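*Asks:* Everything below, folded, please.
(one chain, ligands or ions: 2)
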Amino acid sequence: MMIDNSLLQSWVLCETQATMRYHFGFGLRGQSAPLLAGRAVHAALAKWLTGHLDEECLNAFDAEYHLWATDNVSPEDRLSYPNVSAIVWEFLRRNPLESMSFRVVHNEQGPLVEQLLKIPLIDGVEFAFPLDALVQDKQTGLYYVLDHKTSGNIIKPAWLSQWHLASQLTGYVYGAQKALGIPVAGAYINAIELRKLPKSNYPCAVHGVKYRECRLLHCNFQMLGPFTRSPGHVSMWLSTILPLTEQWKAHTAWLHFRQADGWNAIDQLPFLRSQGLFHYEACSNCPYQEWCRAERPLDVLDSIFVRQDPFEYLTQKESSPLDTQNESA
Ligand code: SF4
Ligand SMILES: [Zn+2]
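*Replies:* Numbers count the residues shown, from 1 in each chain. Ligands and ions are numbered 1, 2, ... in the order given. Okay, here's the model as predicted:
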């Protein structure tokens, strides 16, 4: 069995939400622009980290996003193809790889970029996560996980400060140490704001020219961190994740047992706990909100939702590893 940080976040929040998503695989129909734009930006950044030309980085972005976004996203949307590609281009122009304070770590297979890592957590359960890159500080020689994040607004203090203790980063640091056998001191967040760039003829109060002339100056990129993870932080994380994983394993075993016993496991859904009701904003951010409001009718599940592999984003990395043959040093 495989788990990831998102599964455990959902399990902590609401038993029903986690079961719907991670046991039965119910997801909303249609593809999400934030998800696909983020995936395309990652593809470009994987090329950036492995020394490719800016044009090659942008080609990787285009291959993932151009056609889909042109057909599905309004030209006025912040996630339109012209807007996001302009931001990616500006990122590459402002951030030559040589100017970074770190270098990408290589092992015998090539650069440690865009990899799926897994470590055993408890008996029969693996913790999996996507490693965007492992980097080494040029001055101190310390190793860090590098994680790319795209967001509509990275300036919000709550968004910036969440990484100091985030379970996701602690899991990546601990997991990278275990999987690669390298001491990892913490993590960087490469934050890229996918905001709508101004393009009107109105004068910009900051730059004193028309917005359409200074629009790229309004791009916002921040290399946040490093966010360190001490043995104490890892110990806090482990003492929490291990019992949570045991609980999830027992819960899914119970669902399988009911099924084997002649029950339809889906019949259990209306009786699962709903801790989300007690968390601020949990239900309003939940994809199952309308279904819960309708008191969880079972006969509409397959018409509202589509069955998806919740770990598709991980298995994709496994099936299409970065082509290291063509990487330049
Ligand atoms: S809407 Fe609320 S109660 Fe229902 S599954 Fe989502 S978080 Fe749980
Ligand atoms: Zn301006």
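*Asks:* Can you give me every residue that contacts the residue in the stretch 51-200 of the chain positioned nearest to ligand 1?
*Replies:* Nearest residue of the stretch 51-200 of the chain to ligand 1, counting by Cβ to the nearest ligand atom: residue 167, 18.4 Å away. From N, CA and C alone the C-beta is placed, and that goes for glycine too. Going by Cβ atoms under 8 Å, 6 or more residues apart in numbering, residue 167 touches 5, 8-9, 237, 240-241.
*Asks:* redo that, cut-off 6 Å
*Replies:* Residue 167 sits next to residue 5 when contact means Cβ atoms under 6 Å, 6 or more residues apart in numbering.
*Asks:* Also the one 10 residues further on?
*Replies:* With contact set as Cβ under 6 Å, 6+ apart, residue 177 has these partners: residue 184.
*Asks:* redo that, cut-off 10 Å
*Replies:* 119, 143, 145, 183-185, 229, 234 (Cβ atoms under 10 Å, 6 or more residues apart in numbering).
*Asks:* For it, report the pLDDT, please.
*Replies:* Model confidence at residue 177, expressed as pLDDT, equals 97.
*Asks:* Which residue lies closest in space to the residue of the stretch 51-200 of the chain found nearest ligand 2, excluding its sequence neighbours?
*Replies:* At 6.9 Å from ligand 2, residue 198 is the closest residue in the stretch 51-200 of the chain, using Cβ to the ion. Of all residues not flanking residue 198 in the chain, residue 211 sits nearest, at 3.8 Å (Cβ to Cβ, 6 or more residues apart in numbering).
*Asks:* Neighbours of the residue lying closest to residue 21 once chain neighbours are set aside, how many?
*Replies:* Excluding the flanking residues, the one nearest residue 21 by Cβ to Cβ, 6+ apart is residue 310, at 5.6 Å. By the criterion of other Cβ atoms under 10 Å, residue 310 has 20 neighbours.
*Asks:* likewise residue 74?
*Replies:* For residue 74, using other Cβ under 10 Å, the count is 10.
*Asks:* how about it, what does it touch?
*Replies:* 33, 80.
*Asks:* Regarding it, what is its secondary structure?
*Replies:* coil (DSSP: H, G, I helix; E, B strand; the rest coil).
*Asks:* For it, give its distance to residue 30.
*Replies:* 15 Å (Cβ to Cβ, to the nearest Å).
*Asks:* near ligand 1, which residues of the stretch 1-150 of the chain?
*Replies:* 14, 16-17 (Cβ under 6 Å from any ligand atom).
*Asks:* hmm, back to that, need the contact list for the residue nearest to residue 21.
*Replies:* Residue 310 touches 2, 4, 6-7, 10, 18, 20-27, counting by Cβ under 10 Å, 6+ apart.
*Asks:* Just the buried subset of the residues you listed, please.
*Replies:* With burial judged by 16 or more other Cβ atoms under 10 Å, the buried subset of the contacts of residue 310 is 4, 6-7, 10, 18, 20-24, 26-27.
*Asks:* got JSON lines for the residues you listed, with secondary structure too?
*Replies:* Formatted as JSON lines, the buried ones among the contacts of residue 310 follow (three-state DSSP):
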{"residue": "4", "secondary structure": "coil"}
{"residue": "6", "secondary structure": "helix"}
{"residue": "7", "secondary structure": "helix"}
{"residue": "10", "secondary structure": "helix"}
{"residue": "18", "secondary structure": "helix"}
{"residue": "20", "secondary structure": "helix"}
{"residue": "21", "secondary structure": "helix"}
{"residue": "22", "secondary structure": "helix"}
{"residue": "23", "secondary structure": "helix"}
{"residue": "24", "secondary structure": "coil"}
{"residue": "26", "secondary structure": "strand"}
{"residue": "27", "secondary structure": "strand"}
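*Asks:* and which of these is nearest residue 284?
*Replies:* Ranked by distance to residue 284 (Cβ to Cβ), the buried ones among the contacts of residue 310 are led by residue 10 at 15.2 Å.
*Asks:* Just list the residues touching the residue lying closest to that closest one once chain neighbours are set aside, thanks.
*Replies:* Take residue 10 and drop its neighbours on the chain: the residue closest to it by Cβ to Cβ, 6+ apart is residue 18, 4.1 Å away. Contacts for residue 18 were tallied using Cβ under 10 Å, 6+ apart; they are 6-12, 248, 251-252, 272, 275-276, 310.
*Asks:* nearest spatial neighbour of residue 252, skipping sequence neighbours?
*Replies:* Residue 252 sits nearest to residue 23 (Cβ to Cβ, 6+ apart), 5.7 Å away.
*Asks:* So the one you found sits against residue 249, correct?
*Replies:* No: with contact defined as Cβ atoms under 10 Å, residue 23 and residue 249 do not form a contacting pair (11.5 Å).
*Asks:* before we move on, back to that, got the contact list for the residue nearest to residue 198?
*Replies:* Applying Cβ under 10 Å, 6+ apart, the residues contacting residue 211 are 197-205, 217-218.
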